[in-house]
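> Quick one, structure for this:
(2 chains)
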Amino acid sequence: MKSEKSRRRPAKTLALGSSGATLAASPQEIVQIAHVGSAEADHVEAPVPAARMDVAARQSLVAAAALYRDLSGRASGTATLAPTIPRDERVDRFIVEGKATLDQNGHFQSIGPYLRAVALIQSKALALGYGDAARSAAIDSVPAGFVGRYERHDIYAAA
Amino acid sequence: MPPPNEAFAVQGAIRDKYDSLGGPAGMLGLPLADEGSSPDGRGKFSHFVGGSIYWSPTTGPMVVRGKVRDRWAASGWELGPLGYPVEDQHRMPLLGPLPLVEWCRFENGIIAGDARQALPSPMALQTPAETLGRVAEPAVLGYGQLAGLLGKRLNDQFVASPDNVAMRPGVDLTGVTDWQYGKYFATPRSVGFRFRGFHDNGLAPDTNFTIDIRLRFQMVWGSTFLEPTNKTLVAVLDRVDVGHDGGLALAQVYASVESAINKAFYDHDGKVHDEAHPELPSGALFVADVDTGADTRTGAINLLDVLITRDGDLQILVNPLTPPDQPIGTISWGYLRQNGAQSLINGLT
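The predicted structure is shown next:
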């Protein structure tokens, strides 16, 4: 018997990933989820019931966002930092870079570590004399942290 | 873990090495500080969560970590008696998850450690306290003895030659080079010798010549996934020059002597240059078979490597660690093994 929750959803269901986890959500709903996790939000509540926030759902959320991005024809990539970066692209990167994790209350966790790392890396790059280029280098996530790759230096910050 | 409120830069040759080892996903993990400069003005270093990379222009970027790094630090890092690392730290490959011995060779010695971190890590250059009060003299073959060994080899070759050439007595020691830069291991120091010889021209004056030759000494072994129980000590030809030294100048004589020496070291005409030792790489001359005492079941090993000292001596580097199946603190294993190694190299002369 279907639950009340699932009956209220659109019929379209996305089967995601090799884990077999399934996330019932429309592309519009995914967009809504993704936008909540924007770089402007530091600690906001996701419009997703807490009961669904198990591990599979978290994986599904990221996979669904990636699928949505692919379906909409936008390229994936690492987070190139620039102040004029479009909001949608920031949202995509926010999720693809693995920051779309949820806390025990089903809330999106802070993206502060990412933003802090970016600030630290850019600050270090400025101190090393990169000038304007300090804000335009690619920032990749690495195990336990982030790296900004510059011409003569790789600058690492812990997550 | 790195401090959460700081970012650290990795650069230059250390960055290249770090990336080649997997960067933060590798054994070293994230950096703990910006690249530093050695007080000696030569070297650079970066410290990471899982170890350090030390670089100098004559050694290259090398990894040191764990107990070995701790022991090196206690000796004064690169400013201490051992100098810079000349190769990445090596862990003895064994059969199965057994006690592991690891070591790192430095410009002037070696440090061995127990990878389980259970045993202390005395240096090959040990203090009396580390040798239980017994002075463990390094096992060396002196520069002059090396010259005698090489001179005898050359003389034997000339005597066997039908070309009317012979050696004159005596040899000059022409010095020791520094280590040479490498990404994963530095090229060892070479030692130089000048020999003299002559070509008998019959009734005409002899043609006198000098042989300037530089050699590097190192261990080689066949391909194996485990620590070799036997290695071969070889002399690698760094360079040779045959020149005029008085008498009748005959360029043909100089060329033929130089060619003969090169043939002794290099494969030619599709044949290996030393049929008795096909394991030798081209460019190397057999010096001795070396039983390392490695036991890939227990993790025991006696002899680790060799190096040429700053003074031009050939030193055998021994493992000072207590074997895994022996009680700690009753026997100075470094002392015993250095005596054994000294017997080995005494047998060469």
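> so where's the chain shaky on pLDDT?
Defaulting to chain A. For chain A, applying pLDDT under 70 flags the ranges A:1-112.
> that's the wrong chain, I meant chain B
The low-confidence ranges in chain B, as defined by pLDDT under 70, are B:97-99, B:117-136, B:329.
> interface residues of it facing chain A?
B:1-12, B:15, B:18-19, B:23-25, B:29-31 (Cβ under 8 Å from any Cβ of the partner chain). The way it works is simple: take the backbone N, C-alpha and C, and place the C-beta from them, glycine included.
> which non-adjacent residue is nearest B:Arg194?
Spatial nearest neighbour of B:Arg194, chain neighbours left out: B:Asp172 (4.0 Å); criterion: Cβ to Cβ, 6 or more residues apart in numbering or on different chains.
> and that neighbour, that's in a helix?
No: counting by DSSP: H, G, I helix; E, B strand; the rest coil, B:Asp172 is located in no helix; its state is strand.
> Buried residues in the top helix by length along chain B, which are they?
The residue-count maximum for a helix in chain B (DSSP state H) belongs to helix B:143-160. With burial defined by 16 or more other Cβ atoms under 10 Å in any protein chain shown, the residues of helix B:143-160 counted as buried are B:Tyr143, B:Gln145, B:Leu146, B:Ala147, B:Leu149, B:Leu150, B:Gly151, B:Leu154, B:Asn155, B:Gln157, B:Phe158.
> isn't the last one right up against B:Met167?
So that's B:Phe158. Yes: under the criterion of Cβ atoms under 8 Å, B:Phe158 makes contact with B:Met167 at 5.7 Å.
> Spit out the residues that contact the two alike.
Shared contacts of B:Phe158 and B:Met167, defined by Cβ atoms under 8 Å, 6 or more residues apart in numbering or on different chains, comprise B:Gly197.
> quick revisit: identify, from the buried residues of helix B:143-160, the entry nearest to chain A.
Chain A lies nearest to B:Tyr143 out of the buried residues of helix B:143-160, by Cβ to the nearest Cβ, at 42.5 Å.
> so what's that closest one closest to, chain neighbours aside?
Nearest one to B:Tyr143, counting by Cβ to Cβ, 6+ apart, is B:Gly312 at 3.4 Å.
> B:Pro278 too?
B:Val272 (5.3 Å).
> Confirm for me that that neighbour is in contact with B:Gly283.
No: counting by Cβ under 8 Å, B:Gly283 is not a contact partner of B:Val272; they are 11.7 Å apart.
> Outside of stretch B:137-152 itself, list whatever touches it.
B:124-125, B:167, B:171, B:173, B:176, B:191, B:193, B:195, B:213, B:215, B:235, B:287, B:309, B:311-316, B:318, B:338-342, B:344-346, B:348-349.
> Of all residues in the stretch 101-250 of chain B, which one is closest to chain A?
For the stretch 101-250 of chain B, Cβ to the nearest Cβ, closest residue to chain A: B:Lys183, 17.3 Å.
> what's the host helix or strand of A:Val147 packed up against?
Element membership of A:Val147, judged by DSSP states H and E, is strand A:145-149. With contacts defined as 3 or more Cβ pairs under 8 Å, 6 or more residues apart in numbering or on different chains; DSSP states H and E, strand A:145-149 has these neighbours: helix A:112-127, strand A:138-142, strand A:153-158.
> looking at this, B:Ala73 is in a helix?
Yes: counting by three-state DSSP, B:Ala73 is located in a helix.
> before we move on, which element is the residue nearest in space to the middle of chain B in?
For chain B, the residue nearest the mean C-alpha position is B:Leu307 (3.4 Å; Cα atoms, centre = their mean). Following DSSP H and E, one finds B:Leu307 within strand B:303-308.
> Next: B:Gln315.
Per DSSP H and E: strand B:314-318 holds B:Gln315.
> how about whichever helix or strand comes after that strand: buried residues?
Next helix or strand after strand B:314-318 toward the C-terminus (DSSP H and E): helix B:333-346. Using 16+ other Cβ under 10 Å as the burial criterion, the residues of helix B:333-346 that qualify are B:Trp333, B:Gly334, B:Tyr335, B:Leu336, B:Arg337, B:Gln338, B:Gly340, B:Ala341, B:Gln342, B:Leu344, B:Ile345.
> Lovely, talk soon.
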